[in-house]
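Participant: From the sequence below, what's the structure:
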Amino acid sequence: MSLPSYLPFADGQWRLSMGLKSLNLQEWIKIDEHLAKELALKDKLLKNQYSDVFACLPESRLSQKEVLDLLLNHLVEHFPQHYRQQGTTIETICTGQVWDITHFEAVPLDLAGRLVQEDLLLMQPSPEGYILTAASLCFPSRWRLREKLGHPLAQIHASVPGYHDKLERPVDSFFDRLKVNHPAWRLNWSIVDSPELFLAQEKGDLDTTINAENAGEKLWIRVERQTLRRLEVSGDILFTIRTYVHPLQMLEENSAIAHNLAEAVKQIPLGMQIYKNLLPIREALLGYLEQVTAAHSMN
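Facilitator: The predicted model follows:
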C-alpha cells in the first residue's frame, strides 16, 4: 500500500479552511483493492449495530431515492467490472452480494451505502440552515450519528475550534451557492491510535506508552476524502466521506512527507490540538517524524 499522492498536509501547511476543489464527476466514487473487505465490514455493522450506522428522517425519503438512482447509474457505467444490474437487482461482483432494490423502498440510502466504500450523508435546507436528515455512516471519526441527526451544520460543528468565528459563514455561503453542475471535494486528516474504520466512540485516553521510538507502529494517518454535490430534483446536498487509514510508519519511505507533516503539526493551535486529540501524542509524534527525517538525511 502506498500513501495517496494528495495528502492534505503535503505542503507542510496547516489551515483552518474548507480547502475545496472542483470535482470531476467521473472521479466521484473511489474503488480500490479493499472494496470487498470494507463492504463486508459495513455488512457486519449494519447487521449488529444498525442504529449506530444508519438513520434517517421521514422527509429525506425522496432525496434518498434520488441518491440511490444516481449511484446505481454511476456504478454500472463506470465500474462494470464490479457491479451488474439486472431488473430490480444490483450485484456487487467481488462479494457476490445481490440486492433487491425494491426491498429498500423505505430506506434507499441504506442500500446505496452498502454498495460503496464511501459513507453517505444528506443535508437538507431549512430555516435553521442545512440539517442532517439521513446518513449511512459506517466509518465515523469520533462522532455518533444519532447525536447529529436532525441538527443544522452550525450545531453539528459546534465543538470545532474556530468554526463559529471563521468557518460558519463561508460554509453556509458555499452550501447556499453550490450548483448541481459544480460539485466539489476536499480532504481532512487526523492522527489516531487505531486502524479501525469504525471509530464512533468519543476521544478517550491514548496509549501512554506511545513515544518517539514506537509511534510509527502505534499511530495511523486517517484521511477523509469528502465530496459535496447538489441533487438536481430535491435540491438537497449529498456529502460523501471516503476514509483511508495508513500506518504512520509508511512515512519512513518518504522523509519529505514526514517533514511536511511535522511542520503542519507545529502550526496547529492549542485548541485544535485538543480537539483533534493530538496534544497527548504531539511530542512523541514530532520526535518520531524528526527521527525519520534525520535517518534519510544521513543516507
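
Participant: sec struct for the closest residue in space to Asp193 that isn't next to it in sequence, please.
Facilitator: Spatially, and ignoring its direct neighbours in sequence, Asp193 is nearest to Leu206 (5.2 Å; CB to CB, 6 or more residues apart in numbering). For glycine as for every other residue, the C-beta is placed from the backbone atoms N, C-alpha and C. Three-state assignment for Leu206 (DSSP: H, G, I helix; E, B strand; the rest coil): coil.

Participant: Show the backbone phi and psi for the residue nearest in space to the middle of the chain.
Facilitator: Geometric centre of the chain, nearest residue: Ile241, 3.2 Å, by CA atoms, centre = their mean. As for Ile241, its main-chain torsions (degrees, to the nearest 10) stand at phi -130, psi 120.

Participant: For it, give its distance to Leu145.
Facilitator: Separation of Ile241 from Leu145 (CB to CB, to the nearest Å): 12 Å.

Participant: just to revisit the earlier point, neighbours of the residue nearest to Asp193, how many?
Facilitator: 18 (other CB atoms under 10 Å).

Participant: Tell me if I'm right that it and Ile281 touch.
Facilitator: Yes - with contact defined as CB atoms under 8 Å, Leu206 counts as touching Ile281 (5.8 Å).

Participant: what's the overlap in contacts for those two?
Facilitator: Shared contacts of Leu206 and Ile281 (CB atoms under 8 Å, 6 or more residues apart in numbering): Asp193.

Participant: tell me the SS of the residue lying closest to Arg225 once chain neighbours are set aside?
Facilitator: Distances taken as CB to CB, 6+ apart place Arg242 nearest to Arg225, at 4.4 Å, with adjacent residues excluded. Look at Arg242: counting by three-state DSSP, its state is strand.

Participant: Enumerate every residue touching Arg242.
Facilitator: So Arg242 contacts 30, 117-119, 224-226 (CB under 8 Å, 6+ apart).

Participant: Which ChimeraX command selects the buried ones in those residues?
Facilitator: The ChimeraX command for the buried members of the contacts of Arg242 (criterion: 16 or more other CB atoms under 10 Å) is given here:
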select :117,118,119,224,225,226
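
Participant: tell me which of the contacts of Arg242 is nearest to Leu70?
Facilitator: Glu118 (12.6 Å; CB to CB).

Participant: can I assume the closest one is in contact with Ile29?
Facilitator: Yes - contact criterion CB under 8 Å: Glu118 and Ile29 qualify, at 6.4 Å.

Participant: Which residues are in contact with each of these two?
Facilitator: Joint contacts of Glu118 and Ile29 (CB under 8 Å, 6+ apart) are Thr240.

Participant: Kindly state the beta-bridge partners for Asp100.
Facilitator: Thr89 (DSSP bridges).

Participant: Could you shift the numbering so residue one becomes 53, and keep it that way?
Facilitator: Shifting the count to begin at 53 puts that one at Asp152.

Participant: Mind pulling up the pLDDT for it?
Facilitator: Per-residue confidence (pLDDT) for Asp152: 98.

Participant: do Leu93 as well
Facilitator: We have a pLDDT of 98 for Leu93.

Participant: contacting residues for it?
Facilitator: Leu93 neighbours (CB under 8 Å, 6+ apart): 190, 249-250.
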